[in-house]
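Undergrad: Would you be able to build a 3D model of this:
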Amino acid sequence: MLGDVSGRSILDLGCGTGGKLAELARDGAVASAGVDIAGNFISSPPVGVELIRGDLLDPGALPELSGRTFDRILFLQSFGYAVDPVRTLRSAQAMLKPDGFILLTRTQPIRYAVERAEQHGTTLGEEYFHRADYTYRAGWNENIKLTKRTYTMSDLLNVFSAAGLWIESASEPQLTPEAARRYPHKQAWMNKHLGILIFKLRPLAPF
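TA: As a prediction, this is how the structure comes out:
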């Protein structure tokens with residue numbers, strides 16, 4: 001869905017260490033930047049990649065990004081941390097070049113509903129529409145707890161619409177048959193939790 005990145009500028013919002021952006025630079029991306037609040041970046045980013053410590057509230061207001069525009073803007077599992085998601089998307093949209101787009105991924109909301117229903121002895125529907133934040137232990141470290149705001153599919157669609165964006169395409173990636181055979185535990189997890197959603201978003205054309 002991202003397409004050929006050769007000669008394309010990319011802004012990765014919530015980039016973590018910047019490792020994904022570095023890979024895209026090696027694939028040909030140019031004049032790119034990554035933003036993350038932790039600032040725990042790879043030590044030697046490739047030429048053409050700038051890594052910036054900052055939050056997602058209003059990325060266009062960051063001094064390092066002032067006046068810059070990008071062909072692709074990424075929110076790869078980072079959008080859930082935006083305090084004001086509509087404001088964040090509008091700010092990102094203002095930094096798109098003509099014919100640019102936003103690629104945004106979010107965890108399928110059914111995942112959290114399934115987990116909460118099992119923990120609370122409730123039904124899937126009750127938990128899917130429940131509005132309380134959800135806290136769980138991180139899979140990579142039992143000493144770390146993550147808290148997520150719950151959301152539904154309609155919540156996501158309404159945020160995109162309020163930000164002046166339309167969905168050009170959406171995907172729910174699955175394991176290939178070969179990968180499912182090699183990693184049956186991952187396929188079992190996908191069968192239960194459904195995985196992630198990927199949205200390709202573009203600005204609405206002015207009337």
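Undergrad: Every contact and neighbour count from this point should use C-alpha atoms.
TA: Will do.
Undergrad: Which SSE is immediately downstream of the lengthiest helix in the chain?
TA: In the chain, taking DSSP state H as the definition, the longest helix is helix 109-120. Where DSSP states H and E defines the elements, the next helix or strand beyond helix 109-120 is helix 124-128.
Undergrad: Give the buried residues for that following helix.
TA: For helix 124-128, a neighbour-count test (16 or more other Cα atoms under 10 Å) marks Leu124, Glu127, Tyr128 as buried.
Undergrad: and the residue nearest to the second one when sequence neighbours are not counted, what is it in contact with?
TA: Think Glu127. Excluding the flanking residues, the one nearest Glu127 by Cα to Cα, 6 or more residues apart in numbering is Ala113, at 4.9 Å. Ala113 makes contact with Leu124, Gly125, Glu127, Tyr128 under the criterion Cα atoms under 8 Å, 6 or more residues apart in numbering.
Undergrad: ok so, going back, which one of the buried residues of helix 124-128 sits closest to Gly18?
TA: Closest to Gly18 out of the buried residues of helix 124-128 is Tyr128 (32.7 Å), distances taken as Cα to Cα.
Undergrad: Now do the closest residue to the closest one other than its chain neighbours against His193, distance only.
TA: Nearest non-adjacent residue to Tyr128, counting by Cα to Cα, 6+ apart: Ala113, 4.8 Å away. Distance, Ala113 to His193, by Cα to Cα, to the nearest Å: 9 Å.
Undergrad: Could you do Gly34 as well?
TA: Distance from Gly34 to His193, by Cα to Cα: 29 Å.
Undergrad: One more: Asn141?
TA: Asn141 is 20 Å from His193, by Cα to Cα.
Undergrad: These two - which one has more neighbours?
TA: Higher neighbour count among Asn141 and His193: His193, with 18 against 8, using other Cα atoms under 10 Å.
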